[in-house]
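*Asks:* next comes the sequence, and after it the predicted model I'd like to discuss.
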Amino acid sequence: MRREPQRLGWRAVRFAILSFVVALLVTWPTQSAALGWPVLAALPVLLLIILLGVAFDIVGVAATRAHETPFHARSASKRPGARKAIQLVREADRVATICSDVVGDIAGTLSGALAAGLALRAEPAARGLGAILAVALVSAVTIGLKSAAKGLAVRKADAIVWLVGRVLEAVESVLPVHILEPRPKRRRGGL
């Protein structure tokens, strides 16, 4: 008997909870930037949030498009990042969900909220129109950058995944964390 739909439902709940927690953790600094910092100091934060969303979107798309085969030879010759690249390709659905949906969507929401918050700090006469224009501008910039980035991610998927694999391996060698642990193997048949 297959339990695939039940697993998919639980997976969606886990990602929803993860998104909620991540959004809570990053909302405070963003809100502080919108309300407490001078506008010129908050603009680099806004740009950083947009670029972070675009970068994670690139990784999510590249993981779904990359091929595992080129990384096996690199892994056999112990090239840095090859084993992590294989994991990224094998876990492409999880990588795409975390990078594109969780991080990418939260970055999009935060950048729009930050832009609106900054616009609302303008003179009272310009607030309503300023907020609308700020959110529209941030949306246009984000969508334009993501569109270009997705094309790059599709064309250079293997190179991007290998780069990300090397970065993850370097992070794991310095910090006591294991990013993207492989899923446990499921037993077939029987009990």
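*Replies:* The structure has been received and is ready for your questions.

*Asks:* just give the nearest non-adjacent residue to residue 152, would you?
*Replies:* In space, and not counting its chain neighbours, residue 152 is closest to residue 58: 6.6 Å by CB to CB, 6 or more residues apart in numbering. Where C-beta positions appear, they are placed from N, C-alpha and C, glycine not excepted.

*Asks:* lowest average confidence, helix or strand, in the chain?
*Replies:* Across the helices and strands of the chain, mean pLDDT, DSSP states H and E gives its lowest value to helix 4-35, namely a mean of 73.

*Asks:* average pLDDT for the helix or strand following that one?
*Replies:* Per DSSP states H and E, the first helix or strand lying C-terminal to helix 4-35 is helix 39-65. On average, the pLDDT along helix 39-65 is 91.

*Asks:* cool, stretch 83-101 as well?
*Replies:* 91.

*Asks:* what does it contact?
*Replies:* With CB atoms under 8 Å, 6 or more residues apart in numbering as the test, stretch 83-101 has contacts from 15, 18-19, 56-57, 59-61, 63-64, 66-68, 71-72, 74-75, 161-162, 164-166, 168-169, 172, 179-180, 182-183.

*Asks:* tell me the buried residues in that stretch?
*Replies:* 83-89, 91-92, 94-101 (16 or more other CB atoms under 10 Å).

*Asks:* what's the spacing between the residue most central in space within the chain and residue 56?
*Replies:* Geometric centre of the chain, nearest residue: residue 99, 2.8 Å, by CA atoms, centre = their mean. Distance of residue 99 to residue 56, given as CB to CB, to the nearest Å: 4 Å.
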